[in-house]
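In: Turn this into a structure:
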Amino acid sequence: MKILAVTRQDILKRQAGDTIQVLETVDALKRLDVDVDVTNSKITSLEGYDLVHFFGITRIGSIYKMLLEVEKIQLKNVVSPIFWPGVGKHQSIAMKRRRAIRNSSLLLPNSEVEANVILNHFGQDFEYKVIPNAVELRSQFVPETLFFSEFGFVPDVICVARIEQRKNQLNLIKSLAKENVKLVLIGDNYNKRYLNECKEASGKNVKFIGRQSRDMVSSAMKLAKVHAMPSFYDTPGLSHLEAGLLGCNLVCGNCGVEEEYFGEHAIYCNPHSTDSIRGAVMYALEEEKSGELPNIIMNNYNWGVVAEKTLESYHTVLSM
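Out: Got it, this is the predicted structure:
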């Protein structure tokens with residue numbers, strides 16, 4: 001079996017959760033002896049491939065030319081949509097996304113919630129199999145002393161995410177402005193205006209430390225009591241998964257797929273309300289760390305499980 005994985009063009013230059021999803025999925029598939037090549041949407045010869053796996057329809061323009069080539073030769077394909085509404089509402093973009101869904105042999109949403117969002121948004125039926133997001137289990141072995149040795153303090157609350165409106169760091173900062181809580185924001189930023197808004201709203205209790213190595217992030221998660229990411233929509237956020245694995249209490253927005261993943265083992269808030277966010281974070285700081293959530297994540301949301309489910313999907317499609 002030979003697979004071509006197709007991603008957005010700048011997946012390595014502008015790294016985000018989908019970067020990790022693609023790279024980890026491909027690595028785990030290779031450990032199952034699946035022959036997988038990756039292309040960042042540049043047209044390449046499709047000769048010899050049994051199936052194409054598209055990642056991401058939110059920025060559909062990046063993969064659309066390749067999608068048309070696959071459609072032209074009627075090559076079977078699956079689509080991991082990585083989709084949330086509200087990004088790119090132009091009619092032509094919606095048409096391209098609808099075409100990707102219609103022509104996929106099988107859709108691979110990361111949750112039942114995402115499948116329902118796509119169904120309601122585009123109003124068309126499709127065959128699908130849920131493939132969850134996951135976390136790298138080796139992060140458990142990173143020493144928690146790494147962060148303290150570098151920065152010299154222990155964070156109370158961390159938020160590991162690209163600093164942008166969807167992740168909602170501004171409301172998180174505002175919600176804790178009057179609390180004696182050390183808040184650390186870890187992540188890249190591609191929207192300087194939003195970053196400046198966040199910094200202007202910040203007091204001495206807030207630290208921006210930018211993008212960090214994966215080991216440094218894992219160390220911070222081991223030290224912190226709470227990982228708070230009150231997103232307006234998330235699926236469910238790879239950093240939430242890792243933070244939950246490493247023992248953080250999770251504060252999540254109530255608009256995405258987080259509850260499907262974490263159930264009663266996380267604390268939910270209204271991302272539009274700073275009062276709701278504050279209440280959730282302060283409650284999470286008072287609670288004991290969850291003993292059950294790390295085991296749930298370890299057993300159900302690791303990349304080995306993802307690769308096995310993905311390979312099952314490939315077999316399903318190729319047997320159609």
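In: Give me the domain ranges for this protein.
Out: Domain assignment for the chain, taken from automatic domain parsing, gives 2-134+302-318, 137-300.
In: could these go into CSV alongside mean pLDDT and mean neighbour count?
Out: No exception for glycine: its C-beta is placed from N, CA and C like everyone else's. Formatted as CSV, the domains of the chain follow (pLDDT from 0 to 100; neighbours: other C-beta atoms under 10 Å):
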stretch, mean pLDDT, mean neighbour count
domain 2-134+302-318, 88, 17
domain 137-300, 95, 19
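In: Run through the residues that contact Ser105.
Out: 51, 76-78, 127, 317, 320 (C-beta atoms under 8 Å, 6 or more residues apart in numbering).
In: Can you tell me which of the residues you listed is closest to Val6?
Out: Set against Val6, the nearest of these by C-beta to C-beta is Asn77 (8.6 Å).
In: OK, contacts around the closest one?
Out: If a contact means C-beta under 8 Å, 6+ apart, then Asn77 has 51-54, 67, 70, 103-105, 317 as its contacts.
In: Secondary structure added to the contacts of Ser105, as TSV?
Out: Shown next, in TSV, are these (DSSP: H, G, I helix; E, B strand; the rest coil):
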residue	secondary structure
Leu51	strand
Lys76	coil
Asn77	strand
Val78	strand
Glu127	coil
Val317	helix
Met320	coil
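In: quick one, strands of the protein?
Out: Using DSSP state E, the strands of the chain run over residues 2-6, 35-39, 51-55, 77-80, 106-107, 157-160, 183-186, 206-208, 226-229, 249-253, 267-269.
In: Reformat those into JSON lines and put distance to Glu200 next to each item.
Out: As requested, the strands of the chain are exported to JSON lines (distance: least, C-beta to C-beta, whole Å):
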{"stretch": "strand 2-6", "distance to Glu200": "40"}
{"stretch": "strand 35-39", "distance to Glu200": "40"}
{"stretch": "strand 51-55", "distance to Glu200": "36"}
{"stretch": "strand 77-80", "distance to Glu200": "37"}
{"stretch": "strand 106-107", "distance to Glu200": "42"}
{"stretch": "strand 157-160", "distance to Glu200": "17"}
{"stretch": "strand 183-186", "distance to Glu200": "14"}
{"stretch": "strand 206-208", "distance to Glu200": "11"}
{"stretch": "strand 226-229", "distance to Glu200": "20"}
{"stretch": "strand 249-253", "distance to Glu200": "23"}
{"stretch": "strand 267-269", "distance to Glu200": "23"}
